[in-house]
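**Student:** build the 3D model from these lines:
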Amino acid sequence: MTVELRWSLDPSVGVGVLALAAAYAWLGRGRLDRARRAVWLGAGLATVWLALESPLDALADDVLLSAHMAQHVLLGMVAPALMLLGLSPAMAAWLARRMPGLRALTEPMPAMMIMPTVMIAWHAPVLYGMALESEQLHVVQHLTLIGGGLLFWWPVMEATAAQSFQRLGPRGRLGYLLMMTVPVGGIGLTLLLAPQPVYAFYRAAPRLAGWWTPLADQRLAGGLLLTLGEGIIVLAAARLRLRGLARRPAPVRSA
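**Tutor:** The predicted structure is shown next:
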């Protein structure tokens, strides 16, 4: 079959991204300590726009579960991390003071509980199928993935972690990150090892080729979560570990 790889160009997505960029520019007045932070924020917003507006969105909505999983990784794990890297300590402090409930939700324990709950709930077959059939619910799914990702990364990034009452030390951050591999890996393994397609929508979706079955697509989706999704977390944990080793004072040698 022929699949139309179209750009969505939904005005609501463009307006949302531009609104976030404008809010960041306003917030950064006198609070942006390094120009490169704006580059990180721009990369995060670009990731959101590409995930929702590029042909990846058409493939995810109509044909491929694997494309949908890649989209979810971009929205839930990649874009939020990049956007938080764009915040300076002063900007993060302003947000923590002025946004109701933000400080409470970004403490390590609630942040760690919210993101796995969001991921597991939305990837349950019933809710997943409902989101694919309802455009409004699909928007909610994407917004909660982005929001959950922002909460998840908040206690880990230097600028934002400083706003938590219960700050994690290097080992705490490492453990926090590695705990997230459990729900991500659980979903990925379920898709990779399931003997039958899990989601009815993709069982009935058009095929790109006769040999590309719904089960093969599902296994690719599981593999993407296990490699891309888990890999992002493991890379972040490895970076924290290396930074911790670099900061450790050298042992004093006796004469």
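**Student:** in stretch 212-228, what counts as buried?
**Tutor:** Of the residues in stretch 212-228, Pro214, Leu215, Asp217, Gln218, Arg219, Leu220, Ala221, Gly222, Leu224, Leu225, Leu226, Leu228 count as buried by neighbour count, 16 or more other Cβ atoms under 10 Å. From N, CA and C alone the C-beta is placed, and that goes for glycine too.
**Student:** whoops, I mixed them up, stretch 103-122
**Tutor:** Thr106, Glu107, Pro108, Ala111, Met112, Ile114, Met115, Pro116, Val118, Met119, Trp122.
**Student:** show the pLDDT at the third one.
**Tutor:** Right, the one you point to is Pro108. We have a pLDDT of 92 for Pro108.
**Student:** circling back: specify which member of the buried residues of stretch 103-122 is nearest to Leu41.
**Tutor:** Nearest to Leu41, judged by Cβ to Cβ, of the buried residues of stretch 103-122 is Thr106 at 17.7 Å.
**Student:** sec struct for Leu168, please.
**Tutor:** coil (DSSP: H, G, I helix; E, B strand; the rest coil).
**Student:** that one contacts Thr106, correct?
**Tutor:** No. Counting by Cβ atoms under 8 Å, Leu168 does not reach Thr106; the two are 11.6 Å apart.
**Student:** between the two, which contacts overlap?
**Tutor:** Pro155 (Cβ atoms under 8 Å, 6 or more residues apart in numbering).
**Student:** re the thing from before, just the buried residues of stretch 103-122: which are in helices?
**Tutor:** Among the buried residues of stretch 103-122, the residues falling in helices (DSSP state H) are Pro108, Ala111, Met112, Ile114, Met115, Pro116, Val118, Met119, Trp122.
**Student:** need the max-distance pair from these.
**Tutor:** Pro108 and Trp122 (22.3 Å).
**Student:** and the contacts of the helix or strand encompassing Ile187?
**Tutor:** For Ile187, the element it lies in under DSSP states H and E is helix 170-193. Contacts made with helix 170-193 from outside it, assessed by Cβ under 8 Å, 6+ apart, are listed as 65, 69, 108, 112, 115-116, 119-120, 123, 152, 155-156, 161, 168, 198, 218-219, 221-226, 229-230, 233-234, 236-237, 240-241, 243-244.
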